[in-house]
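**Student:** Give me coordinates for this.
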Amino acid sequence: MKTTPISVAEFAGSVLAVPPLARRADLSLDAAQNHRLMRHIEAGGLRTLLYGGNANLYHTSVHEYGELLALLADGAAETTRVIPAIGPDFGKMMDQARLLRGSGYRTAMVLPMQGFTTPEGVAEGIARVVDFMGMPVTLYIKSEQTIGIEALGRLVDEGRVLVVKYAIVREDPAVDPFLQQLIARIGTERIVSGMGERPTLVHLARFGLASFTTGSGCIAPVACNALFSALKARDLAAAQPIYDRFLPLETLRDSISLIRVLHDAVSLSGLADMGPHLPLLSASPPGRHAEIQAAAAQLLAYNRSFPSTL
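**Tutor:** The predicted model follows:
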């Protein structure tokens, strides 16, 4: 795992893969299967691994969090940056911060808390966690009500927030006054598109965001890297046909469950056995497994049509 100091510029150098987390039948962490998926992602040229919602860290216990940090650090290549999530509640964040403080990790992502928050309270909580943990955080924003732009800007100015994972869904991602205001306050280099491939044509090629997060790219990392290169060059003619190959699986994820479908798609593709879902989530509907498997297989076959990055 890469342990050198992290910079904002690093986020513009790689798509952020957001993998699911493999577990055994007894729900314990499965190091071998997690490492197998990590190696596939790295072989595809992606050099940042973000373990958050797709890994269902919302429901991961603090008791096993230290084991998880060790598993990820041991499995990642020396050139791979690993970003674990913390939260979503303040108490859990502080407990996890105790384990992250003084470790080789250089940032953690704050999961969004739904309800029982105020924008002012979020800003204060982040400041306290960062100061205690001794490292800046990546802030995951899914709602305009999470935190005010000026309060967020102050956290950035103070060095407490490094990057924002922007995931506010719009009917038309090109019409987003909040994102425009956020860009004006903290700059595009500190914002990563946080909703998979679907909004990337607008978020990167038009708004110029630093990078994007990917779940489906865990299955097709080489193709995802090619899409990233085309978008960074703002070459929509090259990006569009690659983008189109990701939509079948992304559409299934949107229509059923982003987390559950990706977890099952990795297993059904044969890349790695993700095992059971950690409650309070459950598997995708069995009647949809054939669709998920077909979409995953098609995407994996497309990925193998690209020249290897090794």
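**Student:** Show me the strands in the stretch 1-150 of the chain, by range?
**Tutor:** Along the stretch 1-150 of the chain, counting by DSSP state E, counting those that start in this stretch, strands occupy 16-17, 48-51, 81-86, 108-110, 137-141.
**Student:** which element follows the helix or strand hosting Leu201 toward the C-terminus?
**Tutor:** Following DSSP states H and E, one finds Leu201 within helix 200-203. Next in sequence after helix 200-203, counting helices and strands by DSSP H and E, comes strand 211-214.
**Student:** And the next helix or strand past that following strand?
**Tutor:** helix 221-232.
**Student:** what does the average pLDDT come to for the helix or strand following that following helix?
**Tutor:** Downstream of helix 221-232, the first helix or strand assigned by DSSP H and E is helix 236-255. Across helix 236-255, the average pLDDT comes to 98.
**Student:** nearest to Ser305, of the strands of the stretch 1-150 of the chain?
**Tutor:** strand 16-17 (19.6 Å; CB to CB). (Glycine included, C-beta is placed from N, CA and C.)
**Student:** Need the contact partners of that closest one.
**Tutor:** Contact with strand 16-17 is made by 41, 46, 48-50, 83, 165, 192, 211-214, 217-218, 221, 224, as judged by CB atoms under 8 Å, 6 or more residues apart in numbering.
**Student:** Tell me the one of those nearest Leu262?
**Tutor:** Cys218 (7.2 Å).
**Student:** Most widely separated two among the contacts of strand 16-17?
**Tutor:** Among the contacts of strand 16-17, Lys165 and Pro221 lie farthest apart (CB to CB), at 18.8 Å.
**Student:** Of those two, which one has the most company?
**Tutor:** Neighbours around Lys165 and Pro221, counted as other CB atoms under 10 Å, are more numerous at Lys165. The numbers are 29 against 23.
**Student:** any idea which helix or strand carries the more buried one?
**Tutor:** Counting by DSSP H and E, Lys165 is part of strand 161-166.
**Student:** what is the mean pLDDT for that strand?
**Tutor:** Here strand 161-166 scores 98 as its mean pLDDT.
**Student:** what's the angle from the helix or strand just after that strand to strand 137-141?
**Tutor:** Next in sequence after strand 161-166, counting helices and strands by DSSP H and E, comes helix 177-186. Orientation of helix 177-186 against strand 137-141 (axes from the mean of the first three to the mean of the last three CA atoms, to 10 degrees) gives an angle of 160 degrees.
**Student:** Which other helices and strands does helix 177-186 contact?
**Tutor:** helix 149-157, strand 161-166, strand 191-193 (3 or more CB pairs under 8 Å, 6 or more residues apart in numbering; DSSP states H and E).
**Student:** ok, the last one: who's next to it in the sheet?
**Tutor:** For strand 191-193, the pairing partners within the sheet under DSSP bridges are strand 161-166 (parallel), strand 211-214 (parallel).
**Student:** Tell me how many other residues crowd Ala290.
**Tutor:** Ala290 has 10 nearby residues by other CB under 10 Å.
**Student:** element containing it?
**Tutor:** Counting by DSSP H and E, Ala290 is found in helix 289-304.
**Student:** who touches that helix?
**Tutor:** 44, 216, 219-223, 245-246, 248-249, 252, 261, 264-266, 268-269, 271, 284.
**Student:** Now that helix: buried residues?
**Tutor:** For helix 289-304, a neighbour-count test (16 or more other CB atoms under 10 Å) marks His289, Glu291, Ile292, Gln293, Ala295, Ala296, Ala297, Gln298, Leu299, Leu300, Tyr302, Asn303 as buried.
**Student:** before we move on, what about stretch 31-38?
**Tutor:** So stretch 31-38, judged by 16+ other CB under 10 Å, has buried residues Ala31, Gln33, Asn34, His35, Arg36, Leu37, Met38.
**Student:** among those, which are in helices?
**Tutor:** Of the positions in the buried residues of stretch 31-38, Ala31, Gln33, Asn34, His35, Arg36, Leu37, Met38 sit in helices, assigned by DSSP state H.
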